[in-house]
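**Q** Here's my sequence, what's the structure:
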Amino acid sequence: MGTLPECLMRFSKNLSMLSLRMNRIQGVIPKKFAKGSNLRTIDFSQNRFEGTLPGSLVHCDKLEVLNLGNNRVEDTFPDWLGTLTKLQVLVLRSNMFHGFVSSPRAARPFSDLRIFDLSNNNLSGPLPVRYIMKLTAMMNQDKGRDKLQYMGGDGYQDSVAVTIKGLEIQLVKILTVFTSIDLSSNHFVRELPVDIGNLKSLKGLNFYHNNLTGYIPPFTGNLTELDWLDLSSNKFNGRIPRELADLTSLEFLNLSENQLIGPIPLGRQFNTFKSDSFVGNPKLCGFPLPGTCANNSRKIPPITILKENDTEHGGRFEWRAILMGYGCGIVAGVSLGYIVLESRKFEWLGGLVERKGANMRKKCRRNARISFQI
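**A** I've put the predicted structure just below:
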């Protein structure tokens with residue numbers, strides 16, 4: 001509790017980490033960060049800081065983590081933070097940042113940024129396209145790494161709270177391959193920028209609770225490492241692009257409460273999503289929603305493998321019934337064939353007897369005529 005003393009910032013040359021989270025500290029953030037600061041981590045999250053961000057933070061040119069989440073900071077977006085070339089984690093969530101996200105001052109702003117969280121503020125205007133198109137660290141797929149690494153190295157290891165698959169989760173350690181963008185619960189407008197399709201190492205994307213419009217573009221299918229995607233509670237329209245259904249890493253999807261239309265694509269991960277992912281789109285149809293599409297072509301995906309013990313859905317009973325019917329059909333067919341053959345046999349025998357009798361009668365009449373003549 002209490003306030004943060006101004007003199008503490010004088011020691012920033014000798015500190016590499018300053019973590020004061022969850023201490024109910026109030027007042028403003030001290031204005032004077034010393035030049036030549038060695039601070040690598042600043043974590044002031046979950047306090048009661050207010051006022052604006054001090055511009056002297058630009059002196060912390062070695063800063064990798066800046067976490068000011070869950071405070072009462074009231075300011076416009078600090079575009080000057082883009083000059084910190086080593087910054088990898090920027091969390092400004094749940095404050096009172098407002099207004100448009102202004103154009104970057106640096107030529108390559110936030111080029112090393114891996115976690116970009118502006119959620120739960122009052123930011124407005126178009127999405128910050130000019131920043132998104134410069135997020136180089138989210139464009140490179142580091143599949144060639146031999147082992148997983150955590151931020152902070154062998155010393156102090158950073159932690160951060162992020163929203164993953166609709167749940168707020170505290171990452172005790174931050175993997176260097178973990179990347180996410182969270183701009184949810186603001187007032188952003190217009191369409192998704194094309195440049196998002198270039199972020200091929202992106203793991204998570206949260207844009208829910210904004211005023212975004214237009215189609216969900218097909219280039220979202222380029223996000224081959226995407227683990228979760230939440231575009232709920234916007235004003236997206238048109239059809240769900242087929243390219244989304246081809247993302248094999250996608251484990252969580254929320255497109256609810258939009259204005260989407262047409263059939264839901266089938267295949268791969270889309271067959272695993274529940275109706276919660278699509279509710280609130282009155283003109284959307286097909287599995288897993290309860291109703292089918294008007295052309296009746298959007299039925300439940302077929303189950304190609306029937307488990308042997310799947311008695312709950314009547315699988316074993318249905319196969320037994322089919323086999324029994326097949327067996328009965330064979331018996332009935334053989335019996336009917338036998339009856340037909342026998343009836344034809346009797347008919348042939350009757351005809352033979354009748355022909356024999358006729359021949360005998362003719363022979364008797366002939367013999368009688370010969371006897372009469374004699």
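**Q** so how far does stretch 103-120 reach from one end to the other?
**A** For stretch 103-120, the first-to-last residue distance is 21 Å (CA to CA, to the nearest Å).
**Q** Kindly report the same for stretch 210-226.
**A** Terminal residues of stretch 210-226 are spaced 21 Å apart (CA to CA).
**Q** next one: it to chain centre, how far?
**A** Using CA atoms, centre = their mean, to the nearest Å, the mean C-alpha position of stretch 210-226 is found 11 Å from that of the whole chain.
**Q** Equivalent analysis for stretch 266-280, please.
**A** The offset between the C-alpha centroid of stretch 266-280 and the centroid of the whole chain comes to 9 Å, using CA atoms, centre = their mean.
**Q** Over to stretch 258-265?
**A** Using CA atoms, centre = their mean, the mean C-alpha position of stretch 258-265 is found 15 Å from that of the whole chain.
**Q** tell me the domain boundaries of this protein?
**A** Split into domains by automatic domain parsing, the chain comes to 76-285, 305-374.
**Q** which stretch in the ones you listed has the least confidence?
**A** Note on the domains of the chain: domain 305-374 shows the lowest mean pLDDT, a mean of 42.
**Q** just to revisit the earlier point, deepest in the core, which of the domains of the chain is it.
**A** Across these, the average number of neighbours (mean count of other CB atoms under 10 Å) peaks for domain 76-285, which reaches a mean of 18. Every C-beta, even on glycine, is put in place using the N, C-alpha and C of the backbone.
**Q** and that one, how far apart are its ends?
**A** Span of domain 76-285 from end to end, CA to CA: 41 Å.
**Q** Nearest residue to the spatially most central residue of the chain in space, please, no chain neighbours.
**A** Central residue check for the chain by CA atoms, centre = their mean: the C-alpha nearest the mean position is that of Leu253, 3.1 Å away. If the residues on either side of it in the chain are set aside, Leu253 comes closest to Ser277, at 4.9 Å by CB to CB, 6 or more residues apart in numbering.
**Q** Give me the phi and psi for the one you found.
**A** Its backbone dihedrals place Ser277 at phi -70, psi -20, with angles given as degrees, to the nearest 10.
**Q** Confirm for me that it is in contact with Asn254.
**A** Yes: the pair Ser277 and Asn254 passes the contact test of CB atoms under 8 Å, sitting 5.6 Å apart.
**Q** quick one, what contacts Gly55?
**A** For Gly55, the contacting residues are Trp80, taking CB atoms under 8 Å, 6 or more residues apart in numbering as the criterion.
**Q** quick one: Asn271 is in a strand?
**A** No: under the criterion used here (DSSP: H, G, I helix; E, B strand; the rest coil), Asn271 is helix, not part of a strand.
**Q** what's the spacing between it and Leu253?
**A** 12 Å (CB to CB, to the nearest Å).
**Q** can you pull out the helices in this protein?
**A** 129-132, 315-373 (DSSP state H).
**Q** outside of the shortest one, which residues touch it?
**A** So the one you mean is helix 129-132. The list of residues contacting helix 129-132 from outside it, by CB under 8 Å, 6+ apart, reads Gly82, Val101, Ser103, Pro104, Pro109, Phe110, Phe116, Ile181, Pro193, Asp195, Ile196, Leu199.
**Q** Fine, thanks again, bye for now.
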